[in-house]
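Novice: Take a look and give me a structure for this.
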Amino acid sequence: MYKQFIFTLFLNYICLAIFAQAPDDICENKVPGNWFTGSGKLSVSETHFKQGQQSICWNWNSKKASLQIIDTAFSKALADKKSCFTIWIYNEKPLKDSLEFSFGKNDCSFSFQLNFKGWRTAWVMYNRDMKGTPSETMNSLKILAPVSVKNGTLYFDAMQYVTTVDPRAPMRDMQAPFIHPVNGNNTANAHWVNLLQFSQLSDFLKVPKTVFEKEIADIETIQNRYEKIVLPAGSSQKNQIKAITKSFEAYSIKST
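Specialist: Numbers count the residues shown, from 1 in each chain. Reported below is the predicted structural model:
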């Protein structure tokens, strides 16, 4: 039952992916020529990646290490009220510390908590979520390594210097709890902006130890009705389902 439910969600994902247009991947094939680090090393890595087949690996060996990116694209953030900086970060070891992102001459900035292992993302709007105000002369980004450790490794992928987003899309989490700072709990999209707050609420419904046959049957009824709506009709339906099932099985998703 769990696999069938995940399969249905996966089908929706495939349908959306067909129409999605991926941005240029600046973290693929080579280290961008406008990336510099004075203490450490930058390299292309296949160890972890989120977009494409590679990411940029940053190994630093100093408490004051920094990564600097020079690009005039950052100056476009001021004119576009919906401008956003986006990035995916892979952290191998959780830290009670943060990365500091500083744009231009510290015109605007934000902190990204490193208390996790694996991939996390940040969608931070320049004119709403960051400290300070972007400048039309802003042409650089400095990423400051956590000061609590002398060395470390992080992987960056799917980075976009300035992109336009729907202001409702960025969502706060444990890494960037400052997203949507003004009245974010009461907006029309609070049902997902508030996921961080919801996750911190104490459980008020106990998880049942046993799932009864009637409950399983009810779930199957819902699933069957849903599939009739979203699955394609016609003689080719079975072949399409088989192809999608094969793609799904390649991910080896299992119930835990």
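Novice: list the buried ones in stretch 68-82?
Specialist: Across stretch 68-82, burial judged by 16 or more other CB atoms under 10 Å covers 69, 71, 74-78, 80. (C-beta placed from N, C-alpha, C; glycine too.)
Novice: Start and end of stretch 157-171, how far apart?
Specialist: End-to-end distance of stretch 157-171: 19 Å, with CA to CA, to the nearest Å as the criterion.
Novice: ugh, wrong one, I meant stretch 127-145
Specialist: End-to-end span of stretch 127-145 (CA to CA): 24 Å.
Novice: what pLDDT does residue 49 get?
Specialist: On the pLDDT scale, residue 49 is placed at 94.
Novice: And residue 245, by the same measure?
Specialist: Residue 245 is assigned a predicted lDDT (pLDDT) of 83.
Novice: And for it, the neighbour number?
Specialist: Other residues near residue 245 number 14, with proximity taken as other CB atoms under 10 Å.
Novice: Ramachandran coordinates for it?
Specialist: When read as degrees, to the nearest 10, the backbone of residue 245 gives phi -60, psi -40.
Novice: mind checking how far the strand ranked longest in the chain is from the chain centre?
Specialist: The strand of greatest length in the chain, counted in residues with DSSP state E as the criterion, is given as strand 152-164. Computed by CA atoms, centre = their mean, to the nearest Å, the chain-centroid distance of strand 152-164 equals 10 Å.
Novice: Which positions within it qualify as buried?
Specialist: Neighbour-count burial for strand 152-164, counted by 16+ other CB under 10 Å, picks out 152-163.
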